[in-house]
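> Any chance you could fold what I've pasted below:
(one chain, ligands or ions: 1)
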Amino acid sequence: MTLSVDDVRKVSLPSDQDASGRTLGDEEIAVVTKALRSGTLTSTKGHFTRDFEERFARLMGVRHAHAVSSGTAAIHAAIASIDPEPGDEIVTTPITDMGALTPILYQGAIPVFADVDPKTGNVTAQTISERLSDRTRAIIVTHLFGNPCHMTEILELAERHGLPVIEDCAQAFEARHRGRKVGTFGDVSCFSLQQGKHITTGEGGVVISDKEALARRVYLFLNKAWGYGDPNPDHYFLALNYRLSELQGAVALAQLDKLETVARRRRYLADQLTHRLQGVDGIDPPRVSPGDECSWWKYALRVDPQSVPGGAVGLAQRLQRWGIASAPRYIQKPAFRCRVFRDQVTFGRSRWPFTLARPEAVDYSAERFPGTFDYLEHVLVLPFNERYTETHLDQLAEAVRQARRL
Ligand SMILES: *Cc1c(COP(=O)(O)O)cnc(C)c1O
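I've put the predicted structure just below:
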């Protein structure tokens, strides 16, 4: 099938930023109306958020789930549950959302960036192990675009060193590593319900855990550490209010019913797109390990600048002419090149907690991150949505095919 530029321009792709690419509908309206009419909008008294937590825990096959006000809050609560000492190091990835990183600093710990696999953008047991020190207190992994990290090897490494693992599954709802859902490997795992994620409440998040003590600390942390229901409740430690409201909890409940359908549809569409892009010179579809299942938050191509003029940036510019908004470099630069890390801009002029860091922990020299720079230079992130039709896939694939030439 050959489409002209004009054909491609005719249909715009469903977007996750508005109703065209979201599954928000009558079900959400009905349940949010119930929440409103109940007159109870705080999750400390209502039941919608609690119902969502119970059902999310059941879906994931874990004992505890706590809804929170954002994915960033989820990460913050997960780190607080581990309770690092100031200056402790947490090994993480430089290719992730900033909301997965700044909570580390708020808890007084030092994010230590591991390099990534240049083919997937994910950290590996090998790249993590290169950053471990006697100050390491935990490991955080991000399943980038929903492509699972090699959790088997990463857990082996973590167990060998007695380190807890936090999984950032914000982009990885229903993804699986060797048949097992991601989010069930780590000691604590985090999800986001932000506008652009698989299911959404606008802003929101979830923390899950099977570990009683960690789940208890998560619960306390998002409730100002107030011991609700205890015989002698008190504010036990430094903590915030990170609760989800009942309005959001109600929407989350209706959205959860749709998650498995959304995930299945994304898998089907991604397979179809991969099929359509097979053999296009200089374009490498995403690499998912055999036996794993990606959640396809986005569809990240690797572009070979030897055969595609201008590489990922050139391809993105030409796709723009077709009305397709893609993102070369994904986050533009590794997190450690952002000012908060580069200039250590934190609390006043103190630079705390960076002042506690070993020099090597904050050594961001490019030669220590070959995989990171390689990945960002070649990646082109295509928008992706469960509402795509076969026609949208035809248009996307044909646009990529034609835009790969000048
Ligand atoms: C979206 C996202 C976050 C942050 O979630 P918010 O809800 O936006 O705070 C964290 N990590 C990853 C990998 C994300 O994609």
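> wait, Val400 sits on Gly282?
No - checked against CB atoms under 8 Å, the pair Val400 and Gly282 is beyond contact range at 10.2 Å. Heads up, the C-betas are built off the backbone N, CA and C, glycines and all.
> Secondary structure element for Ile140, which one?
In the assignment (DSSP states H and E), Ile140 maps to strand 136-142.
> Help me see whether that strand makes contact with the ligand, please.
Yes - in terms of CB under 6 Å from any ligand atom, part of strand 136-142 sits within range of the ligand, namely Thr142.
> From the chain's centroid, how far away is that strand?
15 Å (CA atoms, centre = their mean, to the nearest Å).
> quick one: contacts of that strand?
75, 79, 82, 84-85, 88-93, 95-97, 100, 104, 109, 112, 122-123, 128, 149, 151, 154, 157-158, 161, 163-168, 170-171, 186 (CB atoms under 8 Å, 6 or more residues apart in numbering).
> Centre of the chain to stretch 271-280, how far?
25 Å.
> now do stretch 92-108
On the basis of CA atoms, centre = their mean, stretch 92-108 sits 12 Å off its chain's mean C-alpha point.
> That one close to the ligand?
Yes - using CB under 6 Å from any ligand atom, stretch 92-108 reaches the ligand at 96-97, 99-100.
> Alpha carbons of that stretch, as PDB, please.
What follows is stretch 92-108, C-alpha atoms only, in PDB (Å, rounded to 0.1, in the frame of the first residue of the first chain):
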ATOM      1  CA  THR A  92      19.200   3.800  39.500                       C
ATOM      2  CA  THR A  93      19.000   4.700  35.800                       C
ATOM      3  CA  PRO A  94      19.700   8.000  34.000                       C
ATOM      4  CA  ILE A  95      17.000   7.300  31.400                       C
ATOM      5  CA  THR A  96      13.800   7.700  33.300                       C
ATOM      6  CA  ASP A  97      11.200  10.200  34.400                       C
ATOM      7  CA  MET A  98      12.600  12.800  36.800                       C
ATOM      8  CA  GLY A  99       9.900  11.800  39.200                       C
ATOM      9  CA  ALA A 100      11.700   8.500  39.700                       C
ATOM     10  CA  LEU A 101      14.900  10.400  40.800                       C
ATOM     11  CA  THR A 102      14.200  13.500  42.900                       C
ATOM     12  CA  PRO A 103      12.500  11.600  45.700                       C
ATOM     13  CA  ILE A 104      15.800   9.900  46.300                       C
ATOM     14  CA  LEU A 105      17.300  13.300  47.100                       C
ATOM     15  CA  TYR A 106      14.300  14.300  49.300                       C
ATOM     16  CA  GLN A 107      15.000  11.300  51.400                       C
ATOM     17  CA  GLY A 108      18.600  12.300  51.800                       C
END
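> So for it, what gets flagged as buried?
92-97, 99-107 (16 or more other CB atoms under 10 Å).
> quick one, which of Val400 and Gly282 is more surrounded?
More crowded of Val400 and Gly282, by other CB atoms under 10 Å: Val400, with 25 against 17.
> Okay, strands next: where are they in the chain?
With DSSP state E as the criterion, the chain has strands at 64-68, 89-92, 110-113, 136-142, 165-168, 176-177, 180-181, 188-192, 205-209, 283-284, 299-303, 327-328, 379-382.
> contact partners of the third one?
Pointing back at strand 110-113 there. Looking at what lies outside strand 110-113 - CB under 8 Å, 6+ apart - the contacts are 87-94, 101, 104-105, 131, 133, 135-136, 334-336, 341, 353-354, 356-357, 361-362, 364, 369, 372.
> if I look at the closest residue to the ligand within the chain, how far off is Met98?
Closest residue of the chain to the ligand, CB to the nearest ligand atom: Gly71 (2.2 Å). Separation of Gly71 from Met98 (CB to CB, to the nearest Å) stands at 11 Å.
> Pull the number of nearby residues for the residue lying closest to Phe354 once chain neighbours are set aside.
Here the nearest residue to Phe354 in space, its sequence neighbours aside, is Gln344; by CB to CB, 6 or more residues apart in numbering that works out to 4.3 Å. Gln344 is flanked by 17 other residues according to other CB under 10 Å.
> Which pLDDT value goes with Leu406?
At Leu406, the pLDDT value in this model is 86.
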